[in-house]
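Novice: just need the structure, nothing else, for what follows:
(chains A and B)
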Amino acid sequence: MRKMLPPRKLALYGSMFLGFLMLESPMILVANQIEPMIMGVPFFFIWNLGWWAFLTALFLVAYLTNWGSESVFSQSTTTQEASL
Amino acid sequence: MTGSILIIVAFMVIPLIVGVVSSRQSQETSEDFFVQGRAMGSIAVFFTVAATWWSAFAFLGSNATFYTSGPVYLTALAWNLLFGFMYYWVGKRVWFLGKRFNYLTPSDLMGDFYNSEALRILVALITLVFTVPYLQIQLTGGAYLIEVASNGVVPFWLAALLFYFIIIVYVWVGGIRAIAWTDVIYGALLFFGMMFAGYYISNQVGGPAALFAQLQEGSPSHLTMPGPDGNMGYSMWFSLFVIVAIGAFMGPQIWLRMYSVKSGKLFNLMPFLLGLAAFAYFGSVLTGYTGVLLEPDLENADQVLPVMLMNYAPYLLASMIMAAGAAAAMSTANSQIHAVSTVVTMDIYQRYVNRHASQARIVTIGRLSLVGFSLVAYILALTVPGLLVTIGIAALAGTAQLIVPTIGAISWKRAHPMAAFWGLIGGVGCVLLLTYGASVSNPLGLHAGIWGLLLNTTLFVGLSLVFQRHDQDVVERFAKARKEYDAQFHPERLEDGVKRVAEVTATR
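Specialist: You can find the predicted model right below:
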């Protein structure tokens, strides 16, 4: 039998969905403007960079929390990987 | 000029040496030649996936798109993240099944799960037919750079020929191991080159802030969608996001980079690394937009970066960055040539021509296929003109269709072979009709690939719900493998997860 998604996993995937929604849903058209410029960069670019940074950071959190799953890896496995 | 050519030659020869040296570790087996014995480590995996994923399409096409069409290519930030996410979610499952059942190609997984020869052949055909045009644009992009760097002394045809000759040599001797090693060099050059080129070139107009201010005054339409020509709006924004990420992800060259990975843990980190690397696109923003101000009348937009470098950067720096551009093209081309040769060898030769071929014979056929496909791509590069991005997206729209049966195979018991087959036929047919049918226009302005995916998914889900699979042994074999996957990586999905982990561990 399958269980429901654990809360941590749900939060991670929910936040990712939000990030992609902000970047790729028609909502992007709201941000599709030059003003206000922030540090000389048009607002549209700032919006995209901001949500990109949010999602990238979220992927790091996901990695550190084993994507919300129970960890089943041993340390020895990860050290073995660090080779070409 | 001579210095410039020498730098490019050096850039080509160094990876050649690296490739040849790496080949000393090679074994004459198909598994080693095609997937490095499924033992590729983390550094090589990251660089070879990133460098393969980032191509001439990214290095030259991105600059050209900002230059001609405004900010639509900025959606690349999101498509890199989506690609990374898929590499984790889909890639890890494909890797697991590949290791469990000894797959080497996309057709191996599809043919096995759907238990259908027709589907196996169809998948092989799609990967071959739609990879070759994408391969063509790598060759075209790399040759552009060499042609411009040499000021026409090395003509396009010769540059393209040299380009492929080098690739064939080191892939021939070292297989995927040589590619992975050289991709470490190519990847580093590529990201550094994109970022630094943008920063340096934008300083010609006073830096990024001054660049945006001047653009706002002189050509504000370049800063918002739908761009200066009014045809790159939200539809294209969304289409690029979906098609490029999924299309590239489903290319056979990326499949091989799922099968080759040594440990599943690495898949967890890749989305972060691939997402982070996307910041390099900001370099393309700066290069393309500076081109709008300083070189507004270029005939071929794909040449905006090399032309800007030749006109505004010191000779040595320009040559080094162009070498990075050639790296982008070469790192994708080498992987694609290798991947299509894998498909020909394993899916066609070994399966239908010579089932009892020896390992040495298989590797030889793989090598000969390298030469054959390189020749096809070379002829296409010389005879079929077009912007890199335009050709690239059409090709990616075709391979993107494979995502539907792939997700079915890794996650849905009911997925039916007939549904997968007709879904693919419908999806690819739709792409071809909307792309090449002269009198048909794309509804809502969405790319043909999006409509193909919609039709494909509808047919796949609908027919799978209608038909019943009768090969329960295959279905159960995969259900068991998926449970093992869950037990190993997502024990919380199973009621008795911890117990299952112990059971699985004990049986290995």
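Novice: now the residue of chain A found nearest chain B. Nearest residue, chain neighbours left out?
Specialist: Closest approach between chain A and chain B, counting by C-beta to the nearest C-beta: A:Gly40, at 2.6 Å. From N, CA and C alone the C-beta is placed, and that goes for glycine too. Sequence neighbours aside, B:Ala209 is the residue nearest to A:Gly40 in space, at 2.6 Å (criterion: C-beta to C-beta, 6 or more residues apart in numbering or on different chains).
Novice: how many neighbours does the one you found have?
Specialist: Neighbour count for B:Ala209, taken as other C-beta atoms under 10 Å in any protein chain shown: 13.
Novice: make sure it is actually in contact with A:Val41.
Specialist: Yes: using C-beta atoms under 8 Å, B:Ala209 is in contact with A:Val41, at 7.2 Å.
Novice: okay, now residue 25: neighbour count?
Specialist: I went with chain A, as the question did not name one. 12.
Novice: not quite, I wanted chain B
Specialist: By the measure other C-beta under 10 Å, the count of residues near B:Gln25 is 13.
Novice: A:Phe17 too?
Specialist: 10.
Novice: and the helix or strand encompassing it, how far from the chain's centre?
Specialist: Secondary structure from DSSP states H and E places A:Phe17 in helix A:7-24. Averaging C-alpha positions (C-alpha atoms, centre = their mean, to the nearest Å) puts helix A:7-24 7 Å from its chain's average.
Novice: contact partners of the helix or strand following it?
Specialist: For helix A:7-24, the following helix or strand on the C-terminal side (DSSP H and E) is helix A:43-64. Applying C-beta atoms under 8 Å, 6 or more residues apart in numbering or on different chains, the contact partners of helix A:43-64 are A:12, A:15-16, A:19-20, A:22-23, A:28, A:31-38, A:41, A:68, B:71, B:74, B:77-78, B:81, B:84-85, B:223-225, B:268-269, B:271-272, B:275-276, B:278-279, B:282, B:285.
Novice: quick one, which of the residues you listed are buried?
Specialist: By neighbour count, with 16 or more other C-beta atoms under 10 Å in any protein chain shown, the contacts of helix A:43-64 hold A:12, A:15-16, A:19-20, A:22-23, A:28, A:31-32, A:34, A:37, A:41, A:68, B:71, B:74, B:77-78, B:81, B:84-85, B:223-225, B:268-269, B:271-272, B:275-276, B:278-279, B:282, B:285 as buried.
Novice: which positions in the stretch 101-250 of chain B make contact with chain A?
Specialist: Applying C-beta under 8 Å from any C-beta of the partner chain, we find that the stretch 101-250 of chain B lies next to chain A at B:180-181, B:184, B:208-210, B:212-213, B:216, B:220, B:223-225, B:234, B:237-238, B:241.
Novice: looking at these, which are in helices?
Specialist: Using DSSP state H to define helices, the subset of these located there is B:180-181, B:184, B:208-210, B:212-213, B:216, B:234, B:237-238, B:241.
Novice: of all these, which two lie farthest apart?
Specialist: Within these, B:Trp181 and B:Gln216 form the most distant pair, 45.3 Å apart (C-beta to C-beta).
Novice: more neighbours, these two?
Specialist: Each of B:Trp181 and B:Gln216 had its neighbours counted (other C-beta under 10 Å), and the higher figure belongs to B:Trp181 (25 against 16).
Novice: not counting its neighbours along the chain, what's nearest B:Tyr103?
Specialist: Nearest non-adjacent residue to B:Tyr103, counting by C-beta to C-beta, 6+ apart: B:Leu109, 5.1 Å away.
Novice: same deal with B:Pro405?
Specialist: Closest to B:Pro405 by C-beta to C-beta, 6+ apart is B:Ala420, at 3.8 Å.
Novice: am I right that the one you found is in contact with B:Ala118?
Specialist: No: applying C-beta under 8 Å, one finds B:Ala420 not in contact with B:Ala118, separated by 9.9 Å.
Novice: give me the more crowded residue out of those two.
Specialist: B:Ala420 (29 against 13).
Novice: residue contacts, B:Thr457?
Specialist: B:Thr457 neighbours (C-beta under 8 Å, 6+ apart): B:Val404, B:Gly423.
Novice: and it, which helix or strand is it part of?
Specialist: Element membership for B:Thr457 (DSSP H and E) is helix B:448-466.
Novice: and the residue of chain B that's closest to chain A?
Specialist: Taking C-beta to the nearest C-beta, chain A has its nearest neighbour within chain B at B:Ala209, 2.6 Å off.
Novice: ok so, going back, which one of the ones in helices among the residues of the stretch 101-250 of chain B next to chain A is nearest B:Asp347?
Specialist: When those are compared for distance to B:Asp347 (C-beta to C-beta), B:Ala180 wins out at 22.2 Å.
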